[in-house]
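J.: When you get a sec, could you give me coordinates for this:
(2 chains)
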Amino acid sequence: MIGRRKFFCVVFCFTFLAFAAVAQNSSQLRFCLRTEPKTFDPLLVDDESSLAIRYLTGGVLSRVDRHTQQLEPELAESWKVTSDGKQITFKLRHDVHFSDGTAFSADDVAFTMKRLMDPALHSPVGDEFRAAGNAVTTKVIAPDQVSVTFPGPIVGIDRIFDELVIVSAHSPKKEGAVLGPFVVAEYKAGSSVLLERNPYYWKKDSQGRRLPYLDSIHLDIQPNRDVEMLRFKRGELDLINVVDTDYFDRLASSSPQLVHDAGPSLDSDFLWFNQVAAAPIPEYKRAWFRSANFRRAVSEALNREDIGRIVYNGHAQPAVGPVSPANKFWFNSSLKPEPHNPQAALDRLKADGFHMQNGTLVDKSGNTVEFSIVTNAGSKPRERMGVLIQEDLGKIGMKVNLVTLDFPSLIDRISQKFNYEAALLGFHNVNLDPIDQMNIWMSSAENHAWNPQQKSPETAWEAEIDKLMRAQAETSDVKKRKQSFDRVQEIVYEQAPFIYLVNQNALSAVSTSVAGANPGILFPQTYWNAERLTLNGTATAKR
Amino acid sequence: MKAARYLACVVVLIVCGLSLAANWLAPAGYAKQFREVPDSPPSRAHLLGTDELGRDRFARTLYGTRISLLLAPAAALVSTALAALIGGIAGYLGGIWLKLARAFTDLFLSLPWLFLLITVRALLPLNVSPLVSVLITFLILGLLGWAASARVLSTSADALRSSDFVLQARASGLDGPRLFLIHVLPNLKPILYAQFWISIPVFILSEANLGILGLGVAEPLPSWGSLLRELEGLISFREEPWRLVPLLLLIVVMTSFQLLLSNEEVTA
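T.: All right, here's what the predicted structure looks like:
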C-alpha cells in the first residue's frame, strides 16, 4: 500500500515537472495598453488600444512596412490599379486560413467590403473608402481574384487597404476568426487581454517554420506610466511602446541598452496666431497677426535648438513644416528649419512699422506688442516650451502672457468662440499621405486653425494652397502629387500660419530578452514585426 | 508649549525676512534662464541648482515664498471678513436669517471646489500679467473660501445671542448694530483669529494644488505650488535631495502656523 502511494507521488512529481517545463518553454511577450480597448471589431476601431489589438490579430491585403514606409503585399500577392485611380484588382494568396481553420477567399474580401460600406455600421475605417462617394462595388472575379471599384478616383487607393482587416464571410466565429499572427484568447475588462498564437497563420520564415515565434502576448491595461516603468524595470514587462522624455533619460542613465531613440517622429508642436475676422480681439492685434512679416519675425526669434535640447532633453529636432523629415517621401527636403536670428526678426518687424521704445516693441500706432499664448494645462513639455518662447520673444521686446487652460475650455476658445490671441498645441500624425491633411489646409476646413471655415479663401496664398491641395487629391500620379504638396510646404514656410517648433523623437524601451525588435517611428513602434519577435530563455523562466 | 510657539514665531519671521530680502540674496531673479545649465545640481552660482529651464532654484524658492506668504494671508483676510459678515450677522439675527445663511453655506460647501476654481480661472481674461494673474488667483481663493468659517461663526454667534450677558444688555435697552459691535463681535474675536490662521495654510495648499494642475500662478512667476510641481515624477530622493527644499519649507511653515495657534483657538 505504501509502495503504491510512493509510486503515485513519483508520477505526480514527474507530471508536475513536465507541465512546469512546458510552461517555462512557452514564450509570452508582455506589455501595457494605456486604456481599455473600446472594441474588438476591426472595422470599428477608433482608439489606440483597439488599434494595437487589430494590428496584432488582423490580416490585411497590403501593409505599409513600418521600417521602409513602402507598401508590401500581405494577403494579396499582387494588385493592379486602373489609370483613372477608380479601381483596384487584387490577386489573393492560396492556402490561407482563418484562425478557426476556415479557408480564406475572395468572398471574404467582398463580405468585408460590404460590411464596411454599410451605413448602419458607422465604421471609422470606412470614411477613407467613402471619400469619392458611397457607391463602392466589389466584384469577385475568381476565388483568388477580387476587384473594388470606387465612384471617383481615390488618392493612394492601394495604401488605404493597410487599415482594412479582412473578416470571415463563413466562419461562425465572425470577427473572432482572424488572419493575423495572434488571436484574442481572453479578455478581462479593466485588467488584461491575452492574445495567443494563431496556429493557421500563413507566414513562414526562411527555414519554412510557421510564424509567429511567440506563443502568446499578454497586454495589461495600465494607464499609470510610473507603474508601467516600474514593472518594466523589474522585468515584468518586455517593452514600452512610447516613452516620455524624462522617463527615457532616467532609464538611459541606468540601463542604456534598454532604450531606443528612433529619431524624429511624425508628431510636431507648433504655435499659431488667431486670424479670424470675427474674433473678439482688438483690430490692431488682428492686423499684427495677419501680417506674414510679424509671424515670420516671431518664427525667427524662436530658438528651436534650445526647445529641443531643454524641453525634450535633446530628443526632438527643429521642425520645418507640416511634414516631418521622418516622412521620407512627402517631406520637402529643400526646406530647412528657420534659423534663430533675433536681429533678422527685428529688421522684418521694422518693415511693418514696428519699433523699439524703452526696450518694448511698439507698432506704428504706438500700441505695445503684448499678447497671450494659450496652451493645455498639465502638459509639462508645452508649458516649458511656452516659457522659453516667452523669454525668446521678450528679447525682441514682445511681452507674452502664458495661459494654461483645462482642455475643454481651451478647445472652446480656439474652435468655437475664437476668444484667444495665440495658441500652442501639437499634431499627433499617424498617416504618411498628405490626403489626411486636407482637413487642415483647405481654407473651408474646420481644422484650418488660424482662420477656419472660410466661405472663400481670404488671402491669395490660402487660395493657392486650396488649389494645390485639390490638385494633389484629384490625381493618382504620385510625382504630380509630390510637386503640389512640396509647393504647399513652401507656402506654409513663407507665410508661417503655423509656426512649427520641433518634431519629437520616437522613444521606446525594449527589454534585452526580446530578440528581433527594431523600433521605428510609425505605429506600433516596437512590435510592428511581432510575428518575428522571440524571447530568450531567461526571460520566460523569470515569470 | 510656549517655547514651541516662540520657535514657530522665529521660523515664520526668518522665512518672511529671507523672502523679503530676495532681491539682494538672489539678484539674478526668478525668471532669468541659464539655458546652458538646465537641471544642474547645487553650485556656488546656484545654491539649490537650476530647474529644468535653467532658472535659479534658490531665487525661485525665495520669490515663491514671498508670493505665497504674502498673498495667502491676504486671501485669508478676505475669506474671514466674508465669513464674519455672513456667518456672524446671521447667527446674531437668528431665526429665518440663520436658517437661510446655513442653507446657503451648506450649498456652498457642497460645491466641487476644484472644478469651480478651474471654471472661474477659465473665464478670466487671458491677457493679464503674471502679477495680476496671481492676485486674481488668491482673490478667487479668498472669495470662495469663506463658507467653512461662516458655519463656525454662525454657530458661535447664535450661542452668544442667547447668552446671559447679551440678554442683560438687551434688558438694559441695547439692541441692533450697537449690541452686535459692543458685545457680540468682541466675543467672536478668538474664533475670527483662529479661522484666519487656519485659512492661511489652506489657501497655500489650494494654490499648490492648482499649481500642480498647471492652473495656479502664471509663468514665469514662482509660487510654492509651481515649485512643488517639480517633484512630479521624482523617483529617488537620494539622487536630487535639493529638489525637496520647497516641500520642506512648506511643511516647516505650515507646522509653524499650527503651533502659533493656542489650544483654545484650535478647538474654536
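
J.: and the residue in the stretch 51-200 of chain B that chain A sits nearest to, how many neighbours does it have?
T.: Per CB to the nearest CB, B:Ala122 is where the stretch 51-200 of chain B lies closest to chain A, at 3.6 Å. Glycine gets a C-beta too; all of them are placed from N, C-alpha and C. For B:Ala122, the neighbour count with other CB atoms under 10 Å in any protein chain shown is 18.

J.: quick one: what helix or strand has it in it?
T.: helix B:113-123 (DSSP states H and E).

J.: Repeat that for A:Glu196.
T.: Judged by DSSP H and E, A:Glu196 forms part of strand A:192-197.

J.: so what secondary structure elements neighbour that strand?
T.: Packing partners of strand A:192-197 (3 or more CB pairs under 8 Å, 6 or more residues apart in numbering or on different chains; DSSP states H and E): helix A:48-57, strand A:182-188, strand A:216-221.

J.: for chain A, what are the nearby residues on chain B?
T.: Contact residues, chain B versus chain A (CB under 8 Å from any CB of the partner chain): B:31, B:33, B:35, B:38, B:52-54, B:118-119, B:121-122, B:126-130, B:133, B:213-215, B:218-220, B:232-233, B:235.

J.: Would you agree A:Asn198 is in contact with A:Val178?
T.: Yes. Between A:Asn198 and A:Val178 there is a contact under CB atoms under 8 Å: 6.5 Å.

J.: quick one: which of the two has more around it?
T.: Applying other CB under 10 Å to A:Asn198 and A:Val178 shows that A:Val178 carries more neighbours, namely 29 against 26.

J.: Please tell me I have it right and the more buried one contacts A:Ser99.
T.: Yes. A:Val178 is within contact range of A:Ser99, at 4.9 Å (criterion: CB under 8 Å).

J.: any common contacting residues for those two?
T.: Counting by CB atoms under 8 Å, 6 or more residues apart in numbering or on different chains, the residues touching both A:Val178 and A:Ser99 are A:Asn198.

J.: Would you mind finding the longest strand in chain A?
T.: strand A:259-273 (DSSP state E).

J.: Show the contacting residues for the closest residue to A:Ser50 other than its chain neighbours.
T.: Nearest non-adjacent residue to A:Ser50, counting by CB to CB, 6 or more residues apart in numbering or on different chains: A:Pro37, 4.4 Å away. Taking CB under 8 Å, 6+ apart, we find A:Pro37 in contact with A:Asp47, A:Ser49, A:Ser50, A:Ala52, A:Ile53, A:Val193.

J.: how many other residues sit next to B:Leu167?
T.: Using other CB under 10 Å, B:Leu167 has 11 other residues around it.

J.: cool, and B:Gly176?
T.: 7.

J.: Over to A:Asp220?
T.: For A:Asp220, using other CB under 10 Å, the count is 17.

J.: How about the residues of the stretch 151-300 of chain A by chain B?
T.: A:Asp226, A:Asp246, A:Tyr247, A:Arg250.

J.: could you redo the last one with a cut-off of 7 Å?
T.: A:Asp246 (CB under 7 Å from any CB of the partner chain).

J.: Quick check: the residue of the stretch 151-300 of chain A nearest chain B.
T.: A:Asp246 (5.7 Å).

J.: so where's the stretch 401-543 of chain A shaky on pLDDT?
T.: A:537-543 (pLDDT under 70).

J.: what does it put close to chain B?
T.: Contact residues (CB under 7 Å from any CB) of the stretch 401-543 of chain A with chain B: A:Asn401, A:Leu402, A:Val403, A:Thr404, A:Leu405, A:Asp406, A:Ser409, A:Tyr420, A:Glu421.

J.: which residues does the first one contact?
T.: Contact criterion CB atoms under 7 Å, 6 or more residues apart in numbering or on different chains gives A:Ser372, B:Leu126, B:Asn127, B:Val128, B:Ser129, B:Ala218 as the residues in contact with A:Asn401.

J.: unless I'm mixing things up, the second one is touching A:Ser372, no?
T.: Yes. Counting by CB atoms under 7 Å, B:Leu126 does reach A:Ser372; the two are 4.1 Å apart.

J.: Could you name every residue contacting both of the two?
T.: A:Asn401, A:Val403, A:Glu421.

J.: give me the number of residues near the last one?
T.: Going back to what we said before, that points to A:Glu421. There are 23 residues near A:Glu421, going by other CB under 10 Å.

J.: Which of the helices or strands spans the residue nearest to it when sequence neighbours are not counted?
T.: Closest residue to A:Glu421 apart from its sequence neighbours, by CB to CB, 6+ apart: A:Phe371 at 4.3 Å. Element membership of A:Phe371 [criterion: DSSP H and E] is strand A:370-376.

J.: Sheet partners, orientation included, of that strand?
T.: When pairing is defined by DSSP bridges, strand A:370-376 lines up against strand A:399-405 (parallel), strand A:422-427 (parallel).

J.: for the longest one, the distance to its chain's centre please.
T.: Yep, that's strand A:399-405 we're talking about. A distance of 29 Å separates the centroid of the chain from that of strand A:399-405, by CA atoms, centre = their mean, to the nearest Å.

J.: same deal with stretch A:485-499?
T.: The answer for stretch A:485-499 is 22 Å, by CA atoms, centre = their mean.

J.: Mind listing what's buried along it?
T.: A:485-489, A:491-493, A:495-499 (16 or more other CB atoms under 10 Å in any protein chain shown).

J.: Among the residues you listed, name the ones in strands.
T.: Short answer: the buried residues of stretch A:485-499 in strands (DSSP E) are A:Phe498, A:Ile499.

J.: re the thing from before, now the residue nearest to A:Ser50. Its backbone dihedrals?
T.: The phi and psi values for A:Pro37, taken as degrees, to the nearest 10, are phi -70, psi 130.

J.: what do you get for A:Trp450?
T.: According to degrees, to the nearest 10, A:Trp450 has phi -70, psi -20.

J.: May I have the residues that are in contact with it?
T.: A:Trp272, A:Phe273, A:Asn274, A:Gln275, A:Pro497.

J.: one step back: what pairs with the strand holding A:Glu196, and is each one parallel or antiparallel?
T.: Here, using DSSP bridges, strand A:192-197 pairs with strand A:182-188 (antiparallel), strand A:216-221 (antiparallel).

J.: If you rank the residues of the stretch 401-543 of chain A next to chain B by neighbours, which is first?
T.: A:Val403 (29 neighbours).

J.: Is that residue bridged to anything, and to what?
T.: A:Val374.

J.: Report the contact partners of it.
T.: A:Ser372, A:Val374, B:Leu126, B:Ala218.

J.: helix, strand or coil for the third one?
T.: When you say that, I think you mean B:Leu126. Here B:Leu126 is recorded as coil under DSSP: H, G, I helix; E, B strand; the rest coil.

J.: Just the pLDDT for B:Arg121.
T.: Turning to B:Arg121, the model gives it a pLDDT of 72.

J.: what's next to stretch A:412-420, contact-wise?
T.: In contact with stretch A:412-420 (CB under 7 Å, 6+ apart) are residues A:Asn274, A:Val276, A:Ala278, A:Ala279, A:Pro280, A:Val374, A:Ala423, A:Ala449, B:Leu126.

J.: low-confidence ranges in chain B?
T.: Ranges of chain B meeting pLDDT under 70: B:1, B:211-215, B:233-237, B:262-268.

J.: Can you show me the helices along it?
T.: B:2-20, B:22-25, B:57-83, B:89-93, B:95-110, B:113-123, B:130-144, B:147-161, B:164-171, B:176-179, B:185-212, B:224-228, B:245-260, B:263-267 (DSSP state H).

J.: my guess is A:Leu214 meets A:Ser26, correct?
T.: No. The criterion here is CB under 7 Å, and A:Leu214 misses it with A:Ser26 at 9.1 Å.

J.: Tell me which of the two has more neighbours.
T.: Each of A:Leu214 and A:Ser26 has its neighbours counted (other CB under 10 Å); A:Leu214 has more, 25 against 15.
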